[in-house]
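Trainee: Provided below are the primary sequence and the corresponding predicted coordinates.
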Amino acid sequence: MELANLAAFLAVADAGGFSAAAAALHLTQPAVSKRIAQLESELDARLFDRVGRQVLLTEAGQLLLPRARQLLGDANDARRALRELEHGIGGSLRMICSHHIGLHRLPPVLRKFSARYPQVALELRFMDSEQAWHEVLHARAELALTTLGPATPPLQARVIWDDPLCFVAAPTHPLALRKKLGLSDLAAHPAVLPEPQTFTHRIVAAAFQQRALALQLRMTSNFMETLKMLASVGLAWSVLPQSMLDKSVRVLPVAGVRLSRQLGCISHRGRTPSKAAQAFVQLLHQHAA
């Protein structure tokens, strides 16, 4: 249904006549009559009865009246929201974040974003990086903050943080007592790492595969905090982001190997970014800088 025809219908119903409706809409009476005729033809129902000088709603017209008000009200709300969007940042932002970024990178950015753009309704979910990519791919989220892997169209990746990785073990672990190590030494001991399908596991596994070495996986977890705990109690060696190091673990002096991953933002190339998403990404870059 054309909104202009619905507006003419409401004007006639409220004014009680075609002439008064035409004056209210700044149209000619024939133009209003034409719009009503088009609406009646589209709906295949008579909307007004002309009884003498009176114009009365038919049963179909009475049924349409509240729905027409709702439709035009929704249209006006949409126009107002779009006008407000031109002058400010509002609306909603659906975003996914990996647990590690959520705990160690996101809080200051989220605090600043919420204070600066209180009109934005933020929907934030936490999940593994690989799942987050899938959600963005299928348009169930606008942004994802994750560990970055190879991005293929239609997804695009923006690097926000470099995240150096360190081999670690408990201070009492046999490997931690050595002054110099190679990957072959680590291969002789069990490890606790993220699950094999994760980007972080692939980074570690690639270093061992290049040297024809096999990993001994004792346990897997996609939560870095869990890996840190398992390593700190001497269960196995692990790999942790440099930002998570403390006295509970010791960095293993592995010669000739430097591991790093990139953390950043994933979006869909085919989707026009909302102003809220653009503002959030801008804050991410400012914070990283």
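Mentor: Now that the structure is in, tell me what you want to look at.
Trainee: ok, the nearest residue to residue 64 once chain neighbours are set aside - how many residues close by?
Mentor: Spatial nearest neighbour of residue 64, excluding adjacent residues (C-beta to C-beta, 6 or more residues apart in numbering): residue 47 at 6.5 Å. In this view, the C-beta of every residue, glycine as well, is placed from N, C-alpha and C. Neighbours of residue 47 under the rule other C-beta atoms under 10 Å: 23.
Trainee: Other residues contacting stretch 128-142?
Mentor: Applying C-beta atoms under 8 Å, 6 or more residues apart in numbering, the external contacts of stretch 128-142 come out as 93-99, 125, 127, 143-147, 149, 154-155, 197-199, 222, 266-268, 271, 273-274, 277.
Trainee: thought residue 25 was touching residue 32?
Mentor: Yes: in this structure residue 25 lies within contact range of residue 32 using C-beta atoms under 8 Å: 6.6 Å.
Trainee: overlap in contacts of the two?
Mentor: By C-beta under 8 Å, 6+ apart, residue 25 and residue 32 have these common neighbours: 8, 11.
Trainee: Can you report how many residues neighbour residue 34?
Mentor: 14.
Trainee: I'd guess it is in a strand, am I close?
Mentor: No: assessed by DSSP: H, G, I helix; E, B strand; the rest coil, residue 34 does not belong to a strand; its assignment is helix.
Trainee: host element of the most centrally placed residue in the chain?
Mentor: Nearest residue to the geometric centre of the chain (C-alpha atoms, centre = their mean): residue 95, 2.4 Å. Using DSSP states H and E, residue 95 sits in strand 92-97.
Trainee: Could you list the buried residues of that strand?
Mentor: 93, 94, 95, 96, 97 (16 or more other C-beta atoms under 10 Å).
Trainee: Please name the bridge partners of the last one.
Mentor: For residue 97, the beta-bridge partners are residue 126, residue 145 (DSSP bridges).
Trainee: Can you give me the pLDDT of it?
Mentor: On pLDDT, residue 97 comes in at 97.
Trainee: That one contacts residue 144, doesn't it?
Mentor: Yes: counting by C-beta under 8 Å, residue 144 is a contact partner of residue 97 at 7.2 Å.
Trainee: Give me the spatial nearest neighbour of residue 201, chain neighbours excluded.
Mentor: Counting by C-beta to C-beta, 6+ apart, residue 194 is the residue found nearest to residue 201 once chain neighbours are left out, at 4.6 Å.
Trainee: sorry, back to before: so which of residue 25 and residue 32 has more stuff around it?
Mentor: Shown here are residue 25 and residue 32; by other C-beta under 10 Å, residue 32 has more neighbours (26 against 18).
Trainee: Now that we're looking at residue 83, what pLDDT does it have?
Mentor: On the pLDDT scale, residue 83 is placed at 66.
Trainee: To what extent is residue 218 buried, counted in neighbours?
Mentor: Neighbourhood size, residue 218 [other C-beta under 10 Å]: 15.
Trainee: Look up how far residue 173 lies from it.
Mentor: 12 Å (C-beta to C-beta, to the nearest Å).
Trainee: Residue 257 belongs to a strand, doesn't it?
Mentor: No: using three-state DSSP, the secondary structure at residue 257 is coil, not a strand.
Trainee: pretty sure it is touching residue 207, no?
Mentor: Yes: Residue 257 is within contact range of residue 207, at 5.7 Å (criterion: C-beta under 8 Å).
Trainee: residues shared between the contacts of these two?
Mentor: Common neighbours of residue 257 and residue 207 (C-beta under 8 Å, 6+ apart) are residue 183.
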